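Undergrad: Need the 3D shape of this:
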Amino acid sequence: MGRKLEGLQRMLVIINKLKGMQRHVSREELENYVTLRMEERSGTPVDIRTLQRDFNEIEELFGIRIRFDKKQNGYYIDEEDDLKKEQYNRLLLNFDLLNAIDHIDNLPTYVLAEHHRPADSACLPLLIKAIKFSHPVAFTYIYVREEGITRNKKVLPHYLKEDQQRWYLLAYDNGTLKTFSTAHIRELHIIYEETFKRDMDISINDLFKDSYGIWNQPDIPVEDIELSYDALDGSFLKSVPLHPSQKIIVDNQNEFRIRLRLRITNDFVMALLSRSRSLTVIQPMHLRERVRQVYEKALKRNSP
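TA: From the prediction side, this is the model:
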């Protein structure tokens, strides 16, 4: 096993242990647990110096800070805010499977994995560094919805947000918080000679609560939406709701009807079209007409 892979696995084992039901874990218990888990993977035993190095690496790589409580005589994860907790829970969701099965021989016999590394991930390390040390960044940005024109941007980076396997930068651009797709960032560089005070009072959950996905367009009103599906489509929408505001108002063998409240953006319309086999838009009527026009144009394009 390579050193880098072993180090990564060891860090994941540490985080898994500390995120469990036990609030504080003693040094001896943590050493024994990590050693046992690594021996299962043909790794080497660990000591406190190894753990301390791993703690530093974990904070640098993942933003997860591990503390020692003298009164409780144990290590714990310092959960500074709900956003950071959500971030590392999503991180572990992706890594837990790999951490559990990395030692299995003939892995393709058991698991059919989609090994996908997003094409827009190359600039993430630089953006993480800029956010961590509060440096502005400059880049050329491609505006796809404006026929691919480019503009030079200098922004204050605050957060990276992942949505549907794509990464987005949340940054202040001339005093306005905007969203930039990292897939459309070019010629990125950090302005090391400048720093800024990062706004830690941004409520990310409130920022996107009325939106579908990452695109928050305040110029689009928040509306009540009512959609009807058959029971089969309904079974999927119960397990994977369209939006956190989704409320079920009819659920029987003939109909599954939901009510939502959000901005009707282009991304939301595309999401409706992706599961429209039995969709009927009850309200608002302009959304019903919008969906109808999409299919009417598609029918003309695909007619003999």
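Undergrad: how is this structure carved up into domains?
TA: Using automatic domain parsing, the domain parsing of the chain gives 3-105, 124-207, 222-301.
Undergrad: want to try TSV for the ones you listed, with mean pLDDT and mean neighbour count as columns?
TA: C-beta coordinates here come from the backbone N, C-alpha and C atoms, glycine included. What follows is these, written out as TSV (pLDDT from 0 to 100; neighbours: other C-beta atoms under 10 Å):
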stretch	mean pLDDT	mean neighbour count
domain 3-105	73	15
domain 124-207	88	15
domain 222-301	93	14
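Undergrad: will you turn those domains into CSV that also has distance to residue 214?
TA: Formatted as CSV, the domains of the chain follow (distance: least, C-beta to C-beta, whole Å):
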stretch, distance to residue 214
domain 3-105, 15
domain 124-207, 4
domain 222-301, 8
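Undergrad: need the strands for the stretch 201-304 of the chain, in chain order.
TA: 222-229, 247-251, 256-263, 280-283 (DSSP state E, counting those that start in this stretch).
Undergrad: which residues does residue 167 bridge with?
TA: Applying DSSP bridges to residue 167 gives these bridge partners: residue 162.
Undergrad: For it, give its distance to residue 39.
TA: Using C-beta to C-beta, to the nearest Å, one gets 36 Å for the distance from residue 167 to residue 39.
Undergrad: Same check on residue 246?
TA: Taking C-beta to C-beta, one finds residue 246 at 46 Å from residue 39.
Undergrad: Quick one: closest of the strands of the stretch 201-304 of the chain to residue 68.
TA: strand 256-263 (43.7 Å; C-beta to C-beta).
Undergrad: Point out the other helices and strands that that closest one packs with.
TA: Packed against strand 256-263 by the contact rule (3 or more C-beta pairs under 8 Å, 6 or more residues apart in numbering; DSSP states H and E) you find strand 222-229, helix 231-239, strand 247-251.
Undergrad: re the thing from before, which one of the strands of the stretch 201-304 of the chain lies nearest to residue 12?
TA: Nearest to residue 12, of the strands of the stretch 201-304 of the chain and by C-beta to C-beta, is strand 256-263 at 35.4 Å.
Undergrad: can you confirm residue 189 is in a helix?
TA: No: per DSSP: H, G, I helix; E, B strand; the rest coil, residue 189 lies outside any helix segment and is strand.
Undergrad: Identify the residues contacting residue 128.
TA: residue 160 (C-beta atoms under 8 Å, 6 or more residues apart in numbering).
Undergrad: Name the helix or strand for it, please.
TA: helix 124-132 (DSSP states H and E).
Undergrad: Next: residue 150.
TA: Using DSSP H and E, residue 150 falls in strand 149-163.
Undergrad: contact partners of that strand?
TA: Outside strand 149-163, the residues touching it (C-beta under 8 Å, 6+ apart) are 83, 90, 124, 127-128, 130-131, 135-143, 167-173, 177-180, 182, 186, 191, 196, 198-199, 202, 204, 213-214.
Undergrad: Could you do stretch 280-290 as well?
TA: 223, 224, 225, 226, 227, 228, 229, 257, 264, 269, 272, 291.
Undergrad: Mind putting the residues you listed into CSV with distance to residue 209?
TA: CSV is the format used below for these (distance: C-beta to C-beta, whole Å):
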residue, distance to residue 209
223, 14
224, 15
225, 15
226, 19
227, 19
228, 24
229, 24
257, 22
264, 15
269, 19
272, 19
291, 24
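Undergrad: Hmm, residue 243 is touching residue 209, no?
TA: No: taking contacts as C-beta atoms under 8 Å, residue 243 lies outside contact range of residue 209: 9.2 Å.
Undergrad: Just want to check the distance between residue 254 and residue 228.
TA: Residue 254 is 10 Å from residue 228, where distance means C-beta to C-beta.
Undergrad: I misspoke; the intended subject was residue 271.
TA: Taken as C-beta to C-beta, the span from residue 271 to residue 228 is 16 Å.
Undergrad: what does residue 244 give?
TA: 20 Å.
Undergrad: what sits against residue 212?
TA: Applying C-beta under 8 Å, 6+ apart, the residues near residue 212 are 242, 243, 262, 263, 265, 267, 268, 271.
Undergrad: Residue 210 too?
TA: 216, 222, 261, 262, 263.
Undergrad: could you redo these as JSON lines and give each row distance to residue 65?
TA: Below are those laid out as JSON lines (distance: C-beta to C-beta, whole Å):
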{"residue": "216", "distance to residue 65": "29"}
{"residue": "222", "distance to residue 65": "36"}
{"residue": "261", "distance to residue 65": "36"}
{"residue": "262", "distance to residue 65": "34"}
{"residue": "263", "distance to residue 65": "35"}
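Undergrad: Thank you kindly, that will do.
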